[in-house]
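Chemist: Let me see the structure of the following:
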Amino acid sequence: MAKWDLSKLPEGRKPLPDEWFADRAQMQYRIKELEAKLAKAVDALGEAIYLLDPDEEDIAKEAGLHRIVTTYAELTGGKDE
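Modeler: A predicted model of the protein is given here:
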């Protein structure tokens, strides 16, 4: 890790430890990994809804299929892809 010029820091401010940067990098990697998994799950959910082909009666019953369709709409922001 690069050494910092402490004279440019505001008075009383200490530089962050190298571990902080390593933790942030690991957290960012984990976020990207989880976003990729979520995108894959949303795609699979969209395919499942397409294969089930819900009609108005199924949605009106507000059964399990209704929960799936509304969850998919929430995850995609209501966009049909």
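Chemist: and residue 19, how many neighbours?
Modeler: Neighbourhood size, residue 19 [other Cβ atoms under 10 Å]: 9. All C-beta atoms are positioned from the backbone trio N, CA, C, and that covers glycine.
Chemist: gap between the strand or helix carrying it and the chain center?
Modeler: Assigning secondary structure by DSSP states H and E places residue 19 in helix 18-52. Its chain's average C-alpha position is 5 Å from that of helix 18-52, according to Cα atoms, centre = their mean, to the nearest Å.
Chemist: Show me what that helix is packed up against.
Modeler: helix 64-76 (3 or more Cβ pairs under 8 Å, 6 or more residues apart in numbering; DSSP states H and E).
Chemist: residues of the helix it packs on that come out buried?
Modeler: Buried residues in helix 64-76, defined by neighbour count with 16 or more other Cβ atoms under 10 Å: 65, 69, 72.
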